[in-house]
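A.B. asks: requesting a structural model of the entry that follows:
(one chain, ligands or ions: 1)
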Amino acid sequence: MVSMKGNNMDQSVSNTYADSGFADAEREALYKTIFTRRDVRGQFTPDPVSEEALSRVLMAAHYAPSVGFMQPWNFVVVRAKETKQKVRDLFQTAHDEAANMFEEARRDTYHNLKLEGIMESPINICITCDRDRAGPVVIGRTHAPVMDVYSSVCAVQNLWLAARAEGLGLGWVSIFNHKHLKSILNLPDRVIPVAYVCLGHVSHFKDKPELQTAGWRRRLPLGDVVNFEGYDQGSDDPYAARLLAQIREDQEKIETQGYRGDFASDPSAF
Ligand SMILES: Cc1cc2nc3c(=O)[nH]c(=O)nc-3n(C[C@H](O)[C@H](O)[C@H](O)COP(=O)(O)O)c2cc1C
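C.D. replies: Next up is the predicted model:
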């Protein structure tokens, strides 16, 4: 199918690329999910997550890309209060240790941050990576062994976005001694706990990252981290200048107004 979408300034490029197959509203839904996703810690409600919804978000995770189609993940669904309590205790120990790692001036702020919702959320899920899932030699992992772990991270992101689209909050908790976490969840040696997430219905989704609101860190300007031809390099190319101007304009809108659907309604103008 021929598409004229986009604002391609390079006249030598053919216009015979495939249409996305998405209607504007469908594209809008994807961007909306991405820009309104939040890490949720303190807004969980006790309402149960239906099996239907959980099946859908797990399915979205399972259809993530993976190196050599390895699908190295397992999803350990945790609902028992006793198991959650053990994990919560593990968090508390690591959290106290972590506080001392920050410079003194930031310790109080760190302590006041809520960084998990393990007990409050009805469902916890550990997403793992089985490094032996597809034998010792895996297409794409031959020169970069960490690619299997990256694949499991892709599954986590799919799960996170699907949850947001379902109206479910998800919070990633990583402040643990991972060896002890493995023992609580009976993970074999070869299996890495890539992510431990809390999932559930929420009272509301915050507009901005909590760490931003708390003054911990600000969102970086995208233009500062888009480089050309080499790390940290700018460019004299007019294409680069136009791209950076567009990026500034787009991010300014998102930061001041929040995402309002403009990406989808008029992709070439936004
Ligand atoms: C790998 C990873 C580990 C994280 N670990 C934690 C964590 O232990 N506790 C926590 O509160 N948030 C954790 N987060 C969430 C981040 O703090 C959050 O994504 C970031 O502040 C931006 O906020 P947002 O997700 O709401 O946009 C983690 C996120 C990632 C990607």
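A.B. asks: could you measure from the spatially most central residue of the chain over to Lys208?
C.D. replies: Residue closest to the average C-alpha location in the chain (Cα atoms, centre = their mean): Gln157, at 4.1 Å. Per Cβ to Cβ, to the nearest Å, Gln157 is found 19 Å from Lys208. Where you see a C-beta, it was placed from the backbone N, CA and C, and this is true even at glycine.
A.B. asks: swap in Ala61?
C.D. replies: Ala61 sits 25 Å away from Lys208, going by Cβ to Cβ.
A.B. asks: C-alpha coordinates for the strand ranked longest in the chain, PDB please?
C.D. replies: The single longest strand within the chain, with elements called by DSSP state E, is strand 191-201. Provided in PDB are the C-alpha atoms of strand 191-201 (Å, rounded to 0.1, in the frame of the first residue of the first chain):
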ATOM      1  CA  VAL A 191      17.900 -18.300  36.100                       C
ATOM      2  CA  ILE A 192      18.200 -14.500  36.700                       C
ATOM      3  CA  PRO A 193      15.400 -12.500  38.400                       C
ATOM      4  CA  VAL A 194      15.300  -9.700  35.900                       C
ATOM      5  CA  ALA A 195      12.400  -7.800  37.400                       C
ATOM      6  CA  TYR A 196      10.100  -8.000  40.400                       C
ATOM      7  CA  VAL A 197       6.900  -6.000  39.700                       C
ATOM      8  CA  CYS A 198       3.800  -5.100  41.700                       C
ATOM      9  CA  LEU A 199       0.500  -5.000  39.700                       C
ATOM     10  CA  GLY A 200      -3.000  -3.900  40.500                       C
ATOM     11  CA  HIS A 201      -5.800  -1.500  40.100                       C
END
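A.B. asks: picking up where we left off before, list the contacts of the residue nearest to the centre of the chain.
C.D. replies: Ala64 (Cβ atoms under 8 Å, 6 or more residues apart in numbering).
A.B. asks: now do it, the pLDDT please.
C.D. replies: The model reports Gln157 with a pLDDT of 98.
A.B. asks: name the element it belongs to?
C.D. replies: helix 147-165 (DSSP states H and E).
A.B. asks: measure the residue nearest to the centre of the chain to Ile125 for me?
C.D. replies: Gln157 sits at a distance of 14 Å from Ile125 (criterion: Cβ to Cβ).
A.B. asks: so is the nearest residue to Phe228 once chain neighbours are set aside in a helix, a strand, or just coil?
C.D. replies: Leaving aside its chain neighbours, Phe228 sits nearest to Ser235 (3.6 Å; criterion: Cβ to Cβ, 6 or more residues apart in numbering). What DSSP: H, G, I helix; E, B strand; the rest coil gives for Ser235 is coil.
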